[in-house]
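Peer 1: Sequence and predicted structure are below.
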Amino acid sequence: MDYNPESSFRSLSPSRSQDESHSYGNCSECKQKRTAVAWCKNCDIAILKENFCNWTSGNSIIDKFIRDTQLSANENIDHLEWIEFDQFDLVENINKRGAFSSIYSAV
Ligand SMILES: [Zn+2]
């Protein structure tokens, strides 16, 4: 038996805190250490910030929530983006109405 569930679990879930020496390299723009693959917290969040004026969900509370996730993102899958309905290939009203809004599912 060479199957060891514990070691395969570890290899699938590398812990950043246990491996401080692991590096994603330095940003080519600002020379600071990247916090994730292809993610420089300085430069990429600055780009997101510049885009704040280019989108809106139409709801200032949702806008603020999305912006907060972008400003604290540590990697490029770690934040939300507002996507207009017409950017989805298929938007289907699944016909469940909440008290104040319709619920849509996008595929
Ligand atoms: Zn940078």
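Peer 2: Ah, there it is.
Peer 1: any residues touching the helix ranked longest in the chain, and which ones?
Peer 2: Determined from DSSP state H, the single longest helix within the chain is helix 60-71. The contact list for helix 60-71 (C-beta atoms under 8 Å, 6 or more residues apart in numbering) reads Ile45, Leu48, Lys49, Phe52, Thr56, Ser57, Asp78, His79, Leu80, Glu81, Trp82. Placement of C-beta: from N, CA and C, glycine included.
Peer 1: which among those end up buried?
Peer 2: Among the contacts of helix 60-71, those classed as buried by 16 or more other C-beta atoms under 10 Å are Ile45, Leu48, His79, Trp82.
Peer 1: which one of the contacts of helix 60-71 is nearest Glu29?
Peer 2: Ile45 (12.3 Å; C-beta to C-beta).
Peer 1: and the closest one, how far is that from the ion?
Peer 2: 9 Å (C-beta to the ion, to the nearest Å).
Peer 1: contacting residues around Asn59?
Peer 2: Going by C-beta under 8 Å, 6+ apart, the list of residues near Asn59 is empty.
Peer 1: what does the model give it for pLDDT?
Peer 2: For Asn59, the model assigns a pLDDT of 93.
Peer 1: The one 10 residues further on now?
Peer 2: Taken from the predicted model, the pLDDT recorded for Thr69 is 93.
Peer 1: do Pro14 as well
Peer 2: Reported pLDDT for Pro14: 47.
Peer 1: Same question for Leu90.
Peer 2: 49.
Peer 1: Tell me the residues of the protein that contact the ion?
Peer 2: Within reach of the ion by C-beta under 5 Å from the ion, the chain has these residues: Cys27, Glu29, Cys30, Cys40, Asn42, Cys43.
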